[in-house]
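Enquirer: model the structure of this input:
(chains A and B)
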Amino acid sequence: GQQVMQIPQYQHVQEGEDFTTYCNSSTTLSNIQWYKQRPGGHPVFLIQLVKSGEVKKQKRLTFQFGEAKKNSSLHITATQTTDVGTYFCAGPGTPLVFGKGTRLSVIA
Amino acid sequence: IAGITQAPTSQILAAGRRMTLRCTQDMRHNAMYWYRQDLGLGLRLIHYSNTAGTTGKGEVPDGYSVSRANTDDFPLTLASAVPSQTSVYFCASSLTPQSSYNEQFFGPGTRLTVL
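Expert: Numbers count the residues shown, from 1 in each chain, chains lettered A, B, ... in the order given. I've put the predicted structure just below:
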């Protein structure tokens, strides 16, 4: 099945700084999903992108799907301590193919 | 019940013992999944079920078995636990097996320690 590579594995930022995680595939993806897992919690679905070049926003979070549908990114503007956690992308498959995640820590 | 429940919440188990982790969903989802997440790492798929009566192997199936007798329940059994099975186990479900346009809903997890 398809694999999705996620970078970076870890990111430490000062509160108020921006953060971006990237998800890349060697093949074209029909869609991509993003999940967030808070420390000690379970993964929770954030969003799904389907269209080439699609951009969706959720408050300070901006999700993009590449024009070639081989990559995606999640950008957080002005991080807050509530953004701490691991962010996973997931590519299509039966079942879903999860990336290894980017763990974000925010230093207050 | 709302969503997915897992039991127990946590368990300490002696090596060699048999253990069944329970998972129940009330969303009438067709597909269900079991993942393990080792400390600080990503999710690894153990087994999945596309619909009641069928199961499939994921990335790390050895040492685990599952059954899907009905839509709601998807228990995971460790026949003879070993310390390397110490992990957090998440059950998840989705409306259909096809990943496209289908989000997965995760249970709260079971933290298992094998000594």
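
Enquirer: which parts of chain A sit against chain B?
Expert: Neighbours of chain B within chain A, by CB under 8 Å from any CB of the partner chain: A:30-31, A:33, A:35, A:41-45, A:48, A:50, A:88, A:90-101, A:103. From N, CA and C alone the C-beta is placed, and that goes for glycine too.

Enquirer: give the contact list for the closest residue to B:T71 other than its chain neighbours.
Expert: Using CB to CB, 6 or more residues apart in numbering or on different chains and skipping the chain neighbours, the partner closest in space to B:T71 is B:A52 (4.9 Å). B:A52 is in contact with B:N30, B:R68, B:A69, B:N70, B:T71, counting by CB atoms under 8 Å, 6 or more residues apart in numbering or on different chains.

Enquirer: identify the residues contacting the closest residue in space to A:T28 that isn't next to it in sequence.
Expert: In space, and not counting its chain neighbours, A:T28 is closest to A:K69: 4.9 Å by CB to CB, 6+ apart. Contact analysis of A:K69 by CB under 8 Å, 6+ apart lists A:T28, A:L29, A:S30, A:S52.

Enquirer: list buried residues within those residues.
Expert: In those, burial by neighbour count holds for A:L29, counting by 16 or more other CB atoms under 10 Å in any protein chain shown.

Enquirer: name the nearest of the contacts of A:K69 relative to chain B.
Expert: For the contacts of A:K69, the closest approach to chain B (CB to the nearest CB) belongs to A:S30, at 5.5 Å.

Enquirer: the closest one against A:V50, yeah?
Expert: Yes. Contact criterion CB atoms under 8 Å: A:S30 and A:V50 qualify, at 7.5 Å.

Enquirer: I figured A:T62 hits A:V55, correct?
Expert: Yes. Contact criterion CB under 8 Å: A:T62 and A:V55 qualify, at 6.6 Å.

Enquirer: so those two - more neighbours on which side?
Expert: Taking neighbours as other CB atoms under 10 Å in any protein chain shown, A:T62 and A:V55 compare with A:T62 leading, 16 against 12.

Enquirer: that's all I had, so thanks and see you.
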